[in-house]
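Visitor: Give me coordinates for this.
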Amino acid sequence: YGQAGEVTERGVEFGLGIGITPELQADGSYTFFDFDIDQQQLGQDLVPNTPKHKGTVSMSYTGLQGIEGGITVRFVDGYDWEAGVFAGSIPASQTLDIHGAYQLNQNLRIHAIATNVFDQERYHIFGGSVVGRRILGGMTAEF
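Guide: Numbers count the residues shown, from 1 in each chain. Presented below is the predicted three-dimensional model:
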């Protein structure tokens, strides 16, 4: 890799979280990114390898009974990717993630998360692995 040119970048990120009740929380975020090419070497394509727009909306519950859960929806704009021989378009995506946990007693907690619940096969870098549904679970013990 070497210097391929000069760009001017600009963007903004917003995030907001609201406690609806002591147990219920709503969150959202939005990111905007843009750039202008000021100088470019011949033969080099300059792409930012990042989407212009992306955001999330989520709702989570944390109960006094030891129950936790939540849902997150992610929105990502399509964008171009170029790194060495890997060049192409990353398609737009919308994914749904859910998570939950339960405090069994003072020392033991079980938890699970499912990402990309609808198993939409997506890749996040051109030439990278296709990512489908992923489900992880675990247990935490405190002594």
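
Visitor: can you give me the strands for the protein?
Guide: 5-19, 24-40, 53-62, 67-76, 79-83, 86-90, 93-103, 108-115, 134-141 (DSSP state E).

Visitor: chain center to the first one, what's the gap?
Guide: This points to strand 5-19. Strand 5-19 sits 14 Å away from the centroid of its parent chain (C-alpha atoms, centre = their mean, to the nearest Å).

Visitor: Please apply the same query to the second one.
Guide: Here strand 24-40 is found 13 Å from its chain centre; the criterion is C-alpha atoms, centre = their mean.

Visitor: For that strand, list every residue counted as buried.
Guide: 25, 31, 33 (16 or more other C-beta atoms under 10 Å). For every residue, glycine as well, the C-beta is placed using N, CA and C.

Visitor: Distance of the residue positioned nearest the centre of the chain relative to residue 37?
Guide: Nearest to the geometric centre of the chain sits residue 74, at 6.2 Å (C-alpha atoms, centre = their mean). Noted for residue 74: a distance of 29 Å to residue 37, by C-beta to C-beta, to the nearest Å.

Visitor: Quick one: closest of the strands of the chain to residue 47.
Guide: With C-beta to C-beta as the criterion, residue 47 lies closest to strand 79-83 of the strands of the chain, at 4.5 Å.

Visitor: picking up where we left off before, can you convert the strands of the chain into CSV and add a column each for mean pLDDT and distance to residue 124?
Guide: Formatted as CSV, the strands of the chain follow (pLDDT from 0 to 100; distance: least, C-beta to C-beta, whole Å):
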stretch, mean pLDDT, distance to residue 124
strand 5-19, 93, 19
strand 24-40, 93, 15
strand 53-62, 97, 11
strand 67-76, 97, 8
strand 79-83, 87, 9
strand 86-90, 86, 7
strand 93-103, 96, 9
strand 108-115, 96, 12
strand 134-141, 96, 13
